[in-house]
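1. Give the three-dimensional model of this entry:
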Amino acid sequence: MPVFHQSDAVVYETHGSLFRSFVTPSRGSRELCAWQLTVPAGLIGVEHRPDREEVLLVVAGDLVVTVDGTTATAHAGSVVLVPAGSEFRVDGGPSGATAWVTTTPGLEAVTADGTRIRPPWAR
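-> Now for the predicted structure:
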């Protein structure tokens, strides 16, 4: 059973947040991708529309999430389901947050201005 440690993560910074990638097809997974997301306090995220479902488990702090125009605060221990095709934005709460995110390989998203995002942590 592969075990990945923090030191094994491939780290990306995008739109002010950190993405620590652990599980991807390029690292041996066939059906899942998983990464740790760190969002700084007060960060306003970028609205995007993912083409696959995502699940976020908040492990520390608070995330302010907006899905299809509905905004809620997700505290440590909360789980957020982001449906494929929904308009989604994640903002940092007052102290920032850390979450684990999972999806299926090949995730792509489109921002409000039409920019296509193909995150390497989902490849």
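
2. element containing Asp62?
-> Following DSSP states H and E, one finds Asp62 within strand 54-67.

3. Show me what counts as buried in the helix or strand that that strand is followed by.
-> As assigned by DSSP H and E, the chain's next helix or strand after strand 54-67 is strand 70-75. Within strand 70-75, the residues that count as buried by 16 or more other C-beta atoms under 10 Å are Ala74. Where C-beta positions appear, they are placed from N, C-alpha and C, glycine not excepted.

4. and strand 70-75, which strands flank it?
-> Sheet pairing for strand 70-75, assigned by DSSP bridges, gives strand 54-67 (antiparallel).

5. tell me the mean pLDDT for the partner strand?
-> On average, the pLDDT along strand 54-67 is 98.

6. next one: it to chain centre, how far?
-> Put simply, strand 54-67 sits 8 Å off its chain's centre (C-alpha atoms, centre = their mean, to the nearest Å).

7. what comes up buried for it?
-> Buried residues in strand 54-67 (16+ other C-beta under 10 Å): 54, 56-58, 61-67.

8. Need the pLDDT of the residue most central in space within the chain.
-> For the chain, the residue nearest the mean C-alpha position is Val101 (5.0 Å; C-alpha atoms, centre = their mean). Val101 carries a pLDDT value of 98.

9. same check, this time on the one 10 residues further on
-> We have a pLDDT of 97 for Thr111.

10. To what extent is the closest residue to it other than its chain neighbours buried, counted in neighbours?
-> Leaving aside its sequence neighbours, Thr111 sits nearest to His48 (C-beta to C-beta, 6 or more residues apart in numbering; 5.0 Å). His48: 20 surrounding residues under other C-beta atoms under 10 Å.

11. Also Gly42?
-> By the measure other C-beta under 10 Å, the count of residues near Gly42 is 13.

12. next one: Pro25
-> Pro25 has 15 nearby residues by other C-beta under 10 Å.

13. show me what contacts it?
-> Going by C-beta atoms under 8 Å, 6 or more residues apart in numbering, Pro25 touches 33, 105, 123.
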